[in-house]
Each structure stands twice: as structure tokens, then as C-alpha cells.
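[1] coords below, sequence missing:
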């Protein structure tokens, strides 16, 4: 039984590694339309229009499935309170018709800059991300919505929310 289990692991590993030959690396940037949502957030608060910029890695696991980790600097928060993050989304990407894709997965955020005058933001943010994209050769575009699972401010029910529009270029 143990040998059968090891053989199954070896076969799966070989098939995944043989399909993982399509690796793309590139850079992306775009605009964020960010806000905070939650019971303790005033509905009259204005969101923040910010930006995101960073690196993208796409590893094909099969012809229509890829794993896409990214490392992004992202300007979020609300109009009068900036919270900038170093975000690490890890997305599963499903490809359709060779140019279209949908993606979803967790996003791990680490505060790198804030201008809070009252209270302190939590240093870690866990979010979910869902989106869609197109690819034309080395160029790509993405639309994504990020929704927070954790509170941004200690003892305040307020979660991140951001709609992102991105463009990028794979260098290989």
C-alpha cells in the first residue's frame, strides 16, 4: 500500500512538472478604487483612488489552469486616511479561448505606510480576490475586486474593499 501511494505521488508530481513548463514573468500596474466597508464605517466616507504596481508570475499547471502569484505595492484606504500595503495575491487562473481568463484566490497584505491620526491599523490584512483578464501576446489587462476578511483597524469593524484595473507586460 505504501509503495502504491508513493507511485501515485510520483506520477502526479511528474505530470504536474511536465505541464508546468509554461512560465511567464512580468510587471503590471493600474488604478485602485478603494474604500472601507463594515458596521463601524460611515456610509458618507469617500473612497480613495490610488494605484498598484508590481510583479506577476504565471505558472501553467495544465492547458487551461495556471497559478498566478503576484507581489504588489497597493495604495488603499479612504480619502482622508491612506493605508498602503505590500500585497501578495495567490490566484488560480482558468483560461478560455486562449485570450480570456477568470481568477480567484486569497490575498495577503502587509501595511507598509499609513497616515492614521487616531488609532493604528492592523499590520496584516487577509482578503479574497476575484477577477477577469485578457492576454494579447506579451500584453495583458485585468479587472479585479478585492474584499477584506479581516478588520483594518484594531477594535473597529472596517474591512478593505478595492476594485482594480491593471495593464501589464510579460517579459518572458
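    Happy to help now that I have it. Keep in mind that what you see is a predicted model, and the values were worked out from it rather than measured.

[2] all helices for the protein, in order.
    2-19 (DSSP state H).

[3] so, low pLDDT: which residues of it?
    The chain contains residues with pLDDT under 70 at 1-21, 118-119.

[4] what residue lies at the spatial centre of it?
    Central residue of the chain (Cα atoms, centre = their mean): residue 89, 3.2 Å from the mean position.

[5] contacting residues around that one?
    Residue 89 makes contact with 68, 69, 70, 72, 105, 106, 107, 108, 129, 146, according to Cβ atoms under 8 Å, 6 or more residues apart in numbering. Bear in mind the C-beta positions are built from the backbone N, C-alpha and C, glycine included.

[6] give the contact list for residue 129.
    By Cβ under 8 Å, 6+ apart, the contact set of residue 129 is 89, 91, 103, 104, 105, 106, 107, 144, 145, 146, 147.

[7] and these, which are buried?
    With neighbours counted by 16 or more other Cβ atoms under 10 Å, the contacts of residue 129 contain buried members at 89, 91, 103, 105, 107, 144, 146.

[8] what's the separation between the third one and residue 91?
    This points to residue 103. 4 Å (Cβ to Cβ, to the nearest Å).

[9] overlap in contacts of the two?
    Taking Cβ under 8 Å, 6+ apart as the criterion, residue 103 and residue 91 both touch 68, 129, 131.

[10] so the nearest residue to residue 28 once chain neighbours are set aside versus residue 30, what's the distance?
    Ranked by Cβ to Cβ, 6 or more residues apart in numbering and with sequence neighbours excluded, the top spatial neighbour of residue 28 is residue 168, at 3.1 Å. Counting by Cβ to Cβ, the separation of residue 168 from residue 30 is 8 Å.

[11] about what we covered before: out of the contacts of residue 89, who's nearest residue 45?
    Residue 45 has its nearest neighbour among these in residue 146, at 17.6 Å by Cβ to Cβ.

[12] OK, contacts around that closest one?
    89, 107, 127, 128, 129, 160, 161, 162, 163, 164.

[13] who's it bridged to?
    Counting by DSSP bridges, residue 146 forms beta bridges with residue 129, residue 162.

[14] I'm done for today, thanks for sticking with me.
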